[in-house]
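[1] Provide a 3D model corresponding to the input given below.
(chains A and B)
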Amino acid sequence: MAIITLPSNLGIAEFSWGCTDYELEESSDATGDSAARIIGPPRWTAHIVSKENMSLDQAAKWENLILSLRGDNVLAMYDIVRTEPQGSMRGSPTLTSTLAVGDTSATFTSASGTLKQGDLLQIGTGLGTSQLIKVAADLTFPATVTFNNPIRKSISAGAAIQWDKPVAYFRRVNRAATLGTYKLDGLGQGDFAIDLMERFG
Amino acid sequence: MSYTPDIEAQVALDSKARGLHWLIDAHFSSGIGRYTTAPIDVVSPNGHTYIGLGQFISVEPIEETADPDTSQMTVRLAIVNKAMLAFLTGDQSVYRGKTIIFHAQFFDRNFKPVSQPVRRWQGVMAPIKIQREKADDQTGRASGFIELPCVRRGMQRARNNEGLRMTHEQQILKHPGDLFFEHMSSMVEKPQPWLTIAFQKQ
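    As a prediction, the model looks like this:
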């Protein structure tokens, strides 16, 4: 298993970020009452599409990226728009106390400034030992950070909080990804697309 | 065996979003293997980590009855957890006749395990079976999975004269307050060495 990093200057034309829940909906025909049977914790998803017409050199980066995401290799992917918090928190904050499974709030040590709703942070480092979270409410430190999605594996106190290009780890789920389309004039290549689903272990 | 949920389990049951997973203790001769049907590793209240196998392992529905129950229960495995497969496809003496215990536990809307795990089934592992589906004519694709039948301890003895046997539940329905059969199922499932009179006189 290898961790692939997102190449620079990839030529991304379209990017979307999402979340997949794993739930079964139970409902009563008679009363309309409903409940959710939870099957597993939610996962981040991402979708990236290349520019329509790129030079062969740049298209080769896409080809290589698609081919390298074979087997159990994962892509360390960050939100290419929200690369750092909208709030002013910077520096090297760490996790104050251990997070347990299911937790949706945390406190940080050595944190100052603000965080805004929607900011992305990575708690911990590495595949299976970190989690990408999205801040749920504006705050000014010192304060408790509330976030989504709930912690799915315990993270020890002292873990680093990554705010600069925080990543989650993804697998390519479109197993038959096309290696782009050559343009009629024979000068360019484009229309690459990769569907990504988070993997956490 | 009836199940009275503890307070945390009852809160989860009453809420609009909850789930259930099985914690499985497989007592191999070389050590205890701990697995769960949850897709993430679960740390039980007593500190043991259960490896999250998720959809790669499935447990048959567990039925409860007042009748003498000689049915089997099957665990299905996909070929993913190599450690467990190595045990099951290796030497039978590692797992055959060894205890396997199933605990049920709820989790809440944040996928946090709540409530104490409750022991719901206990038995022994029987030799595995490998099931293969017929290959698709056009694509040639086939799939297969490994089945681990689990049987209740003492099932062979319980199967004799099955229809004539009574259970504690049936007896107290017929004769309320009569506890004659109270310990029968534990005596069947947990055979005790019986010392002969001659041995005791030594």
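
[2] rest of the way, CA atoms for contacts and neighbours
    OK.

[3] Can you get me a residue count around A:Glu25?
    A:Glu25 has 12 neighbouring residues, counting by other Cα atoms under 10 Å in any protein chain shown.

[4] What is the neighbour count of the closest residue to it other than its chain neighbours?
    Nearest residue to A:Glu25 in three dimensions, chain neighbours excluded: A:Ala36, at 4.7 Å (Cα to Cα, 6 or more residues apart in numbering or on different chains). Using other Cα under 10 Å, A:Ala36 is surrounded by 17 other residues.

[5] which SS class is A:Ala36?
    Following DSSP: H, G, I helix; E, B strand; the rest coil, the label given to A:Ala36 is strand.

[6] mind checking how far it is from A:Ala177?
    Per Cα to Cα, to the nearest Å, A:Ala36 is found 33 Å from A:Ala177.

[7] next one: B:Arg120
    Taken as Cα to Cα, the span from B:Arg120 to A:Ala177 is 45 Å.

[8] Surely B:Lys98 and B:Met125 touch.
    Yes - with contact defined as Cα atoms under 8 Å, B:Lys98 counts as touching B:Met125 (5.7 Å).

[9] Show me which of those two is the more surrounded one.
    It is B:Met125, of B:Lys98 and B:Met125, that has more neighbours when counted by other Cα under 10 Å, with 27 against 17.

[10] How about the contacts made by the more buried one?
    Taking Cα atoms under 8 Å, 6 or more residues apart in numbering or on different chains as the contact definition, B:Met125 lies against B:95-100, B:148-151.

[11] same deal with A:Val74?
    A:Val74 touches A:1-4, A:169-172, A:199, counting by Cα under 8 Å, 6+ apart.

[12] Check which helices and strands the worst-scoring helix or strand of chain A on mean pLDDT is in contact with.
    When each helix and strand of chain A is scored by mean pLDDT, DSSP states H and E, strand A:181-182 comes last, with a mean of 84. Counting contacts by 3 or more Cα pairs under 8 Å, 6 or more residues apart in numbering or on different chains; DSSP states H and E, strand A:181-182 packs against strand A:189-190.

[13] Now for the closest residue to A:Leu132 other than its chain neighbours, how many residues are close by?
    Leaving out its chain neighbours, the residue that sits closest to A:Leu132 by Cα to Cα, 6+ apart is A:Gln122, at 4.4 Å. If you count neighbours by other Cα under 10 Å, A:Gln122 ends up with 22.

[14] Am I right that A:Gln122 falls within a helix?
    No - per three-state DSSP, A:Gln122 lies outside any helix segment and is strand.

[15] quick revisit: identify all contacting residues around the least confident helix or strand of chain A.
    Taking Cα under 8 Å, 6+ apart as the rule, strand A:181-182 contacts A:188-192.
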